[in-house]
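kindly return the folded structure for what I paste below:
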Amino acid sequence: MRFDRYTVILLTLRPDAPPMTDEQAAELQDRHLAHGADLQDRGLILARGPLTEQDDERFRGFSVWSVDAATARERAEADPAVRAGRLAVDVMTWMMPAGNVQFAQVRAPRSVAEAMAD
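Residues are numbered from 1 along each chain as shown. Below is the predicted model of the structure:
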């Protein structure tokens, strides 16, 4: 059987994340979203989004990448929220029978305001 392989990144809240004001956190979140949208527009990220209603509140985001693990890690570690020490990057390979999953190109939000707009 043939398998498709994707790199997956799980973003987690660091236990030593620096304290931030609401304004600082909002500005950082917008930069985080813009960074991810740029990578998605370039085809490096196939799908991404926040995690909600999970058992462990440290889990923040999940993304599926079209590139190898080393490249995905390098690009994910350039994320402003990772560089600011708020988020940590966990990288893994996800395998499934070939053709089981397909991804469509969609426009990703570049800010919280854009994500919340109808």
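
following the longest helix anywhere in the chain, which helix or strand shows up next?
Counting residues, the longest helix found in the chain (DSSP state H) is helix 22-41. For helix 22-41, the succeeding helix or strand toward the C-terminus, using DSSP states H and E, is strand 45-50.

helices and strands around that following strand, which ones?
Packing partners of strand 45-50 (3 or more CB pairs under 8 Å, 6 or more residues apart in numbering; DSSP states H and E): helix 22-41, strand 59-65. From N, CA and C alone the C-beta is placed, and that goes for glycine too.

and among these, the most buried is which?
Among the helices and strands packed on strand 45-50, ranked by average contacts under mean count of other CB atoms under 10 Å, first place goes to strand 59-65 (a mean of 19).

check which helices and strands it sits against.
Using 3+ CB pairs under 8 Å, 6+ apart, the elements in contact with strand 59-65 are strand 3-13, strand 45-50, helix 69-77, strand 87-97.
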